[in-house]
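> Let's see this in three dimensions:
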Amino acid sequence: MLTETPLPEWASGRLVVGVGGQTGRPVDDVGGLTDADGWVCVQAKKNLARSDAPDSDLAAALEQLVVIRVEGVPDRPPNQDELRPLDPQVDRVLILTDDEAPMTIAEAMARLVDRLRAWPEAVPLVEAATKAGERRALITLRGHLERLWAERHGATADESFVRSLLRPLAVRALDLRPDGGDLRALLPDFRDLLEDPGKALGLWRELELISQRLAVERSWIRRADLVRELEALGYHLTPIARLRRDVQRLQQVTAANLNSPPSDLALTTPDGPVEVSRAVSAVLDASDGNVAVTGDPGAGKSVLLHRFAAGHAGDVVYLTHHQLRGTAGQTRAELNLDHDLYEVLTGWTGSRPGLLLLDGIDQTRGVEASSWLPELGPAPTRIPMADRRQHPIVRPSPRPSLADDVPREAGRPRPRRPGTLPGRPPCGR
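This is a model prediction of the structure:
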């Protein structure tokens, strides 16, 4: 979830969008929601061994598989209050164990259940086991599932039903010790994501602690909340890989706008260009939160924003009304982005302060832009440009600060845009 890397195919091959601990599902150690509205339900067993005993850890894990097969999982929105059957195309039930598990689990049973997931109905189940260890694993799995089904329903589970029970199942032994192979495979992704790659192992330890807390609290976490929590602990992340081209594109657009200053940036005099200071600059520097700069045409609003952008020490996105369109999709196309502006700003993580400047929002082309521009300003449920504090516009809420140039035309009232710019002005005219 943190690296936005899809799970391995055996674990559904999907992208995780939310993680919970002790979720209340029949398989409840860890739960994951995927971008396909699928469920990944994890049962963790230390040193799991193949055993035919009804009171073994393997029997207990398979019992939870039977229960969730009967009860189902929450349906896809908007029907999430209803339960649906497991769908092997998007759902997985994972039985995970550690590096101490014997080869009968780590290799034989893991290979077998992977093969059974796509085993044709017309081919006998027994033919899926090609080696002695796999044949013993199949006998153990069938024995437990047939017994558990009979105990729960008083009926025999035929081969077709055993297949349906096994299709969403995956078994894996993971070596997550500090020098373990599975952890070593994760660390390059962590190093690529961190501003300080040397903190990769520390990041893993923090994720372990957060996972333990989720289990104790029986709570869920999504990526945006996880990123904020990690950054509060000093783990600053770079933008995720799929957004990096868009971040670079916004940097290019901002640089071009800064290199094309407004024509009235300075006055032309016989003695050369003279820059005119504006008293409102100090108000803007000291302002807190979102800011709207208003004034009559020619008052110097664009000059003010240009100077403010040029003097900002952090990450700046400076856009003019020429680059803002009537909808988020049109703006994405205008800026040549792969993702909507809000998504790019949300995923633009890092330790540097961030600032978003929009020059002339009421001159945007196309449909009324106030239908989507409010998404770029912070609200309790919106976290633009990650969770980086602002300077010189400093505020306790997440970044970015939003400074807008809204002209006031003589003789014509300015259009009302309720909710576009929340808050109160720091001063009068």
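> need the helices for the stretch 101-250 of the chain, in chain order.
According to DSSP state H, counting those that start in this stretch, the stretch 101-250 of the chain carries its helices in the segments 103, 110-116, 132-153, 159-166, 181-193, 200-217, 223-232, 244-258.
> so where is the chain shaky, pLDDT-wise?
23, 27-28, 263-267, 276, 288, 362-371, 374-429 (pLDDT under 70).
> From residue 86, how far out is residue 33?
14 Å (Cβ to Cβ, to the nearest Å). All C-beta spots, glycine's among them, are computed from the backbone N, C-alpha and C.
> Please read the previous query as pertaining to residue 132.
30 Å.
> more crowded one of those two?
For residue 132 versus residue 86, neighbours defined as other Cβ atoms under 10 Å are more numerous around residue 86 (24 against 9).
> is it true that the more buried one lies in a helix?
No. Residue 86 is assigned coil when assessed by DSSP: H, G, I helix; E, B strand; the rest coil, not a helix.
> That one is in contact with residue 165, isn't it?
No. Residue 86 is beyond contact range of residue 165, at 9.2 Å (criterion: Cβ atoms under 8 Å).
> Find residues that contact each of the two.
Residues touching both residue 86 and residue 165 (Cβ atoms under 8 Å, 6 or more residues apart in numbering) are residue 69.
> List the contacts of the nearest residue to residue 133 once chain neighbours are set aside.
Of all residues not flanking residue 133 in the chain, residue 108 sits nearest, at 3.3 Å (Cβ to Cβ, 6 or more residues apart in numbering). Contacts for residue 108 were tallied using Cβ under 8 Å, 6+ apart; they are 50, 131, 133, 134, 136, 137.
> from what I can see the fifth one touches residue 52, true?
No. Between residue 136 and residue 52 no contact is recorded; they are 9.5 Å apart, counting by Cβ under 8 Å.
> circling back to that earlier point, among the helices of the stretch 101-250 of the chain, which comes closest to residue 353?
When the helices of the stretch 101-250 of the chain are compared by Cβ to Cβ, helix 223-232 sits nearest residue 353, at 12.6 Å.
> gap between the closest one and the chain center?
In terms of Cα atoms, centre = their mean, to the nearest Å, the centre of helix 223-232 is found 10 Å from the chain centre.
> Report all helices and strands that that helix contacts.
Where contact means 3 or more Cβ pairs under 8 Å, 6 or more residues apart in numbering; DSSP states H and E, helix 223-232 is packed against helix 200-217.
> Show me what the helix it packs on is in contact with.
Here helix 200-217 makes contact (Cβ under 8 Å, 6+ apart) with 2, 19-22, 29-30, 178, 183, 186-187, 190-191, 194, 219-221, 226, 229-230, 233, 235.
> Dump it to PDB, keeping only the CA atoms.
Written as PDB, here are the backbone C-alpha positions of helix 200-217 (Å, rounded to 0.1, in the frame of the first residue of the first chain):
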ATOM      1  CA  ALA A 200      14.500   2.000   5.000                       C
ATOM      2  CA  LEU A 201      15.000  -0.600   7.800                       C
ATOM      3  CA  GLY A 202      13.700   1.900  10.400                       C
ATOM      4  CA  LEU A 203      10.600   2.400   8.200                       C
ATOM      5  CA  TRP A 204       9.900  -1.300   8.300                       C
ATOM      6  CA  ARG A 205      10.100  -1.400  12.100                       C
ATOM      7  CA  GLU A 206       7.700   1.600  12.300                       C
ATOM      8  CA  LEU A 207       5.300  -0.200  10.000                       C
ATOM      9  CA  GLU A 208       5.500  -3.300  12.300                       C
ATOM     10  CA  LEU A 209       4.600  -1.100  15.300                       C
ATOM     11  CA  ILE A 210       1.700   0.600  13.400                       C
ATOM     12  CA  SER A 211       0.400  -2.800  12.400                       C
ATOM     13  CA  GLN A 212       0.500  -4.000  16.000                       C
ATOM     14  CA  ARG A 213      -1.400  -0.900  17.100                       C
ATOM     15  CA  LEU A 214      -4.100  -1.500  14.400                       C
ATOM     16  CA  ALA A 215      -4.600  -5.000  15.700                       C
ATOM     17  CA  VAL A 216      -5.000  -3.700  19.300                       C
ATOM     18  CA  GLU A 217      -7.400  -0.900  18.300                       C
END
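> That helix relative to helix 223-232, how many degrees between them?
Computed by axes from the mean of the first three to the mean of the last three Cα atoms, to 10 degrees, the angle separating helix 200-217 from helix 223-232 equals 120 degrees.
> Can you mark which positions in helix 200-217 are buried?
Within helix 200-217, the residues scored as buried using 16 or more other Cβ atoms under 10 Å are 200, 203, 206, 207, 210, 211, 214, 215.
> Between those, which sits nearest residue 78?
Of all the buried residues of helix 200-217, residue 214 has the smallest distance to residue 78: 25.8 Å, by Cβ to Cβ.
> how deep is residue 239 tucked in, by neighbour count?
Using other Cβ under 10 Å, the number of residues around residue 239 comes to 18.
> wait, it sits on residue 348?
Yes. Residue 239 is in contact with residue 348 according to Cβ under 8 Å; the separation is 5.2 Å.
> What residues does residue 318 make contact with?
Residue 318 neighbours (Cβ under 8 Å, 6+ apart): 253, 254, 257, 258, 305, 306, 309, 357, 359.
> wait, is it part of a helix?
No. Counting by three-state DSSP, residue 318 is located in no helix; its state is strand.
> so how far is residue 179 from it?
47 Å.
> How about residue 241?
26 Å.
> Just name the most buried of the helices of the stretch 101-250 of the chain.
Comparing the helices of the stretch 101-250 of the chain on average neighbours per residue, with mean count of other Cβ atoms under 10 Å, the densest one is helix 110-116 at a mean of 19.
> In CSV, list the C-alpha atoms belonging to that one.
Extracted C-alpha coordinates of helix 110-116, given in CSV (Å, rounded to 0.1, in the frame of the first residue of the first chain):
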residue,chain,number,x,y,z
ALA,A,110,2.3,-23.3,-1.3
ARG,A,111,3.0,-24.7,-4.8
LEU,A,112,-0.1,-26.9,-4.7
VAL,A,113,-2.6,-24.3,-3.8
ASP,A,114,-1.2,-21.9,-6.4
ARG,A,115,-1.7,-24.5,-9.0
LEU,A,116,-5.2,-25.3,-7.8
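> How much space separates residue 19 from residue 110?
Counting by Cβ to Cβ - residue 19 and residue 110 are separated by 23 Å.
> sorry, that was for residue 305
Residue 305 sits 59 Å away from residue 110, going by Cβ to Cβ.
> where do the contact lists of residue 239 and residue 348 overlap?
The contact sets of residue 239 and residue 348 overlap at residue 247 (Cβ under 8 Å, 6+ apart).
> Find the nearest non-adjacent residue to the residue most central in space within the chain, please.
In the chain, the C-alpha nearest the mean C-alpha coordinate belongs to residue 223, at 3.9 Å (Cα atoms, centre = their mean). Leaving aside its chain neighbours, residue 223 sits nearest to residue 1 (5.4 Å; criterion: Cβ to Cβ, 6+ apart).
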